[in-house]
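K.L.:
need a structure here:
(chains A and B)
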Amino acid sequence: MIMTQGYWVILRTEIFSLFISPATYVSTFYFLALLGVGFRFFIESFTGTNWILPPLSSLALGLLFGAPALIPFLTMRTIAEERRLGTLETLMTAPVNAVSIIAGKWSASYLFYLMICSGAYAYPLLVCIIFPEQAKSLGFNQLEHWIGGFTFLMSFGASFCAIGIFSSSITRNQMVAGMLSFSLITLYLAVMAFSYGEPSQADQFNSYEDLFAMLGGSLYRGLDKIQFFALGVLHIPTILHQLIVVFFFLSLATLQIEKIRH
Amino acid sequence: MSTEPKPLPIIEVLNLKKRYGLIQALKGISFSVGKGEIIGFLGPNGAGKSTTLKILSGLIPADSGEAKVCGVDLAEEEGEVRNHIGFLPENNPLPEELRVIEYLKFRAMLKGLRGSRKRDRIRIALDICDLERKVSERKIGNLSKGYKQRVGIADALLTEPRLVILDEPTIGLDPRQSAVTRKMMERLRGDVTFLLSSHILSEVEACCDRMIILSHGQIVAEGTLNQLQKEFINRTIFEVVALTNRMSLQKNVREIDETCELLQDEPVDVSGKKRFIFSTEKGEVVAEAILRYLVKIPDLRVFEFQIERPDLETIFLRATKKNWEENDHLGKKRSGFKKSNQLI
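P.N.:
Numbers count the residues shown, from 1 in each chain, chains lettered A, B, ... in the order given. Got it, this is the predicted structure:
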C-alpha cells in the first residue's frame, strides 16, 4: 500500500517537474528537430541507398543513437538534485520506501522519453497524411512496422532510463550524473553494436572466454535485432534482456538510496 | 477501585544502541514518553540526539534494543511508524522551486490524504503555523528561514499525528519567529506529543514538560525542571538587599542556619543599600525562615529578598560535565594506550 501510494505521487510530481524544466524543452526541441531533418534526407535518398530494412526503422535507429544525448537531460536531475538540496531525506520522512521513489522517478523519465518517441513518429505520420502515395511506396502503411519499431524503442528506452536513474543516484552533482549516464549508455550501445566473438552455445564452460561469451550472449550484436522489430516481429529475448538491465540498474539505484539513508 | 488500564506510552525505548563505523553514537538509552507530553531533548553536539530522533521516526534502524512508537515496533515495521508521526528534520531541506501550497499538497498525497480531507488538513496546518494565504502562494525558495521552518512544521502536522518530532526547529530563527513555534506547540499541548531537540535552553525551559539530557550517547539526566534542579543543584542560593553591614547580617543569618555562607556582597546604590548573596545546604524552607527572621529585626531594613532558582543552562552544564570528563578521561587513556603500543 505504502509502495503504490508513494509511487503514483512521485510519478506525477516528477512528470510535472519535467514539464516545467526549460532544459527538457530545449533538449527535446533540438533532438526532434535534428531527427526530423535526418529523417527527411533519409527518405528522400532512400531509393539510392542499399538499406535493406523498411525505411521506418531508420527513425527507430536515429532515436536509439540519439538517446545518449537525450536521456541524461531527463534523468540527471532526478536524484542528484534531491541529494544536493537534502530533500531526499525529507522525502523519506513520509511513508514511502526507496523502491517507490526509484520506480516513480524512472517511470516519469521513461514516460517522457516515450512521449518524445511518439513526437518523432509524428514525422512519418505527417508524410502519410500529406503525401499518401509516397508514404505507401515507402511502406509506411504497414502497421506492424510501426508497432515493431516502437516496441524496440520502448524496450531499449526502459534500460537507458534505468542507467540514467542509477547515474543520478550515485552523485550529488547533476552534471556529473549527466556525463556518467551519457558514457554508460554510449558504452552499452557500443558493446551491443559491435561483434566481440560468437556467443557460446555450450551448456558448460571450460574457460573464462566461454564464461564471458555465455554471459554476453544476449548482448552479442544486440542492435542487429532491429531486423526483427523493423519487420514487426517482437523478439522476446531482446525485450527480456532489456528488462533484466532495467531491473539490475534500478536495484543498484535503490540500494544506493538505502545506503544514503542508513 | 479503578480498573482503568494505564494508557500506553507514545514512545517506549529500551537499551537502544547505534554505531556509525568506529563511533558508538548511542550506548543503550532507555526512556518513555506519555501522551500529550512536550519533551525537550538536549545534549551537546554529537551527543546522539539526531540519531535517536531519526531512529524513532523510522528513518534509520537501530543496531540493537527495542523501540516502540505509537504502539508500532520499529524493529518489525520501520516504515509503518511514518504513518503516525510528523517529523521535521534538522535544517529542514525543502524543494525551492515549488510553491508552499504545491509542496503541502504533494506531501499530503504522499501521506495518503485525498480529496476534501486533504484540503481541510492543509488549511488547518497553514492556520496552526500562521502561514497566511499570501505566503502559501509564494515559492519556497523566496521565503525567509522562519517561514521555511513553518512550512516544515505545517508538513509535520498534516496527518493529525499523535507524535511530532522536531529536530532543531528554531535554529537560526529570530526571537519573534521562535515564539511562533512555541505558540504552535502551546496550541496543540495535550493532544499531540512533541519531542523537541534544541540547543536553545531558555526555549526548552519555557515550553517543555520534561527534559532528557544526552551526552556521549547516554542519558545523563531526565525529569521535570524541578526534579533536575533538586538532582543537580544541592545548594539553595538566595539574595538579600538590605541597609546593613556585612558582619551584622551574617551574624543574624547564622542565628537560623549556621551552615549558611555569604558568597558575595556589593553596593546597590549610594544610599548604603547592599546586595548580599548567601548559599545554604538546607533548602528553600530555611531560606524563607531566614527572611521571616530578618524582617522582625527592628534595626534591619530588608528591601528585597529573592531565592535564585538555577536555570536549565546550569543544570545542563552540570549534567553533561561529569559524563564529558569521564569520556575525556577514557579518550586520553585510549590515546595513551595507542601511543604506548606505538612505542612498543
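K.L.:
C-alpha from now on. contacts and neighbour counts both.
P.N.:
Fine.
K.L.:
mind listing what's buried in the strand or helix carrying A:Phe182?
P.N.:
Using DSSP states H and E, A:Phe182 maps to helix A:174-193. Buried residues in helix A:174-193, counted by 16 or more other CA atoms under 10 Å in any protein chain shown: A:174-186, A:188-189, A:191-192.
K.L.:
hey, where'd the strands end up in chain B?
P.N.:
For chain B, the strands defined by DSSP state E cover B:11-20, B:23-33, B:38-42, B:64-69, B:72-73, B:85-88, B:163-167, B:193-197, B:210-215, B:218-223, B:236-243, B:261-267, B:274-280, B:301-308.
K.L.:
and the fifth one with chain A, contact?
P.N.:
No: Strand B:72-73 stays out of contact with chain A when judged by CA under 8 Å from any CA of the partner chain, the minimum separation being 13.8 Å.
K.L.:
that strand pairs with which strands, and in what direction?
P.N.:
Here strand B:72-73 has these sheet partners by DSSP bridges: strand B:64-69 (antiparallel).
K.L.:
same deal with the third one?
P.N.:
Within its sheet, strand B:38-42 is paired with strand B:193-197 (parallel), strand B:210-215 (parallel), according to DSSP bridges.
K.L.:
tell me the most buried of the ones you listed?
P.N.:
strand B:193-197 (a mean of 25; mean count of other CA atoms under 10 Å in any protein chain shown).
K.L.:
tilt between that one and strand B:23-33?
P.N.:
Inter-element angle recorded for strand B:193-197 and strand B:23-33: 150 degrees (by axes from the mean of the first three to the mean of the last three CA atoms, to 10 degrees).
K.L.:
contact partners for B:Leu225?
P.N.:
Counting by CA atoms under 8 Å, 6 or more residues apart in numbering or on different chains, B:Leu225 touches B:Glu205, B:Asp209, B:Arg210, B:Met211, B:Leu312.
K.L.:
check the gap between it and chain A for me.
P.N.:
31 Å (CA to the nearest CA, to the nearest Å).
K.L.:
now the angle from the host helix or strand of A:Ile147 to helix A:174-193?
P.N.:
Using DSSP H and E, A:Ile147 falls within helix A:143-169. Angle between the axes of helix A:143-169 and helix A:174-193 is 140 degrees (criterion: the same axes, to 10 degrees).
K.L.:
give me the buried positions along helix A:143-169.
P.N.:
Going by neighbour count (16+ other CA under 10 Å), the buried part of helix A:143-169 is A:144-169.
K.L.:
any idea how far the residue of the stretch 101-250 of chain B found nearest chain A is from B:Tyr293?
P.N.:
Of all residues in the stretch 101-250 of chain B, B:Leu110 sits closest to chain A, at 5.4 Å by CA to the nearest CA. Per CA to CA, to the nearest Å, B:Leu110 is found 67 Å from B:Tyr293.
K.L.:
now tell me what touches stretch A:8-20 from outside.
P.N.:
Stretch A:8-20 is contacted by residues A:24-25, A:74, A:78, A:100-101, A:104-105, A:107-109, A:112, B:106, B:109-110 when judged by CA under 8 Å, 6+ apart.
K.L.:
quick one, what contacts A:Thr186?
P.N.:
A:Pro68.
K.L.:
show the pLDDT at it.
P.N.:
Here, the pLDDT recorded for A:Thr186 equals 92.
K.L.:
also A:Ser21?
P.N.:
Per-residue pLDDT puts A:Ser21 at 83.
K.L.:
ditto for the one 4 residues further on
P.N.:
Among the per-residue scores, A:Tyr25 shows a pLDDT of 87.
K.L.:
how about the residues of the stretch 151-262 of chain A by chain B?
P.N.:
Taking CA under 8 Å from any CA, the part of the stretch 151-262 of chain A that reaches chain B is made up of A:Arg261, A:His262.
K.L.:
ok and the residue in the stretch 151-262 of chain A nearest chain B?
P.N.:
Closest point on the stretch 151-262 of chain A to chain B, by CA to the nearest CA, is A:His262, at 5.4 Å.
K.L.:
quick check: closest non-adjacent residue to that residue.
P.N.:
Among residues not flanking A:His262 along the chain, B:Ile60 sits closest, at 5.4 Å (CA to CA, 6 or more residues apart in numbering or on different chains).
K.L.:
next, give phi and psi for the one you found.
P.N.:
Dihedral angles of B:Ile60 (phi, psi; degrees, to the nearest 10) stand at phi -130, psi 150.
K.L.:
wait, isn't it in contact with A:Glu258?
P.N.:
No: assessed by CA atoms under 8 Å, B:Ile60 is found out of contact with A:Glu258, at 9.4 Å.
K.L.:
looking at those two, which has the bigger crowd around it?
P.N.:
B:Ile60 (20 against 15; other CA atoms under 10 Å in any protein chain shown).
K.L.:
check the more buried one and give its pLDDT.
P.N.:
So B:Ile60 comes in at 87 (pLDDT).
K.L.:
those helices in the stretch 51-200 of chain B, which residues are they?
P.N.:
Secondary structure of the stretch 51-200 of chain B (DSSP state H, counting those that start in this stretch): helices located at B:100-110, B:115-128, B:133-136, B:145-156, B:175-188.
K.L.:
could you list the residues in contact with stretch B:279-286?
P.N.:
B:234-238, B:256-257, B:259-263, B:287, B:307.
K.L.:
wait, which of these is closest to B:Ile38?
P.N.:
Closest to B:Ile38 out of those is B:Asn234 (26.1 Å), distances taken as CA to CA.
K.L.:
could you check the pLDDT of the spatially closest residue to that closest one that is not a sequence neighbour?
P.N.:
If the residues on either side of it in the chain are set aside, B:Asn234 comes closest to B:Glu281, at 6.6 Å by CA to CA, 6+ apart. At B:Glu281, the model reports a pLDDT of 80.
K.L.:
also the one 10 residues further on?
P.N.:
B:Leu291 is assigned a pLDDT of 88 by the prediction.
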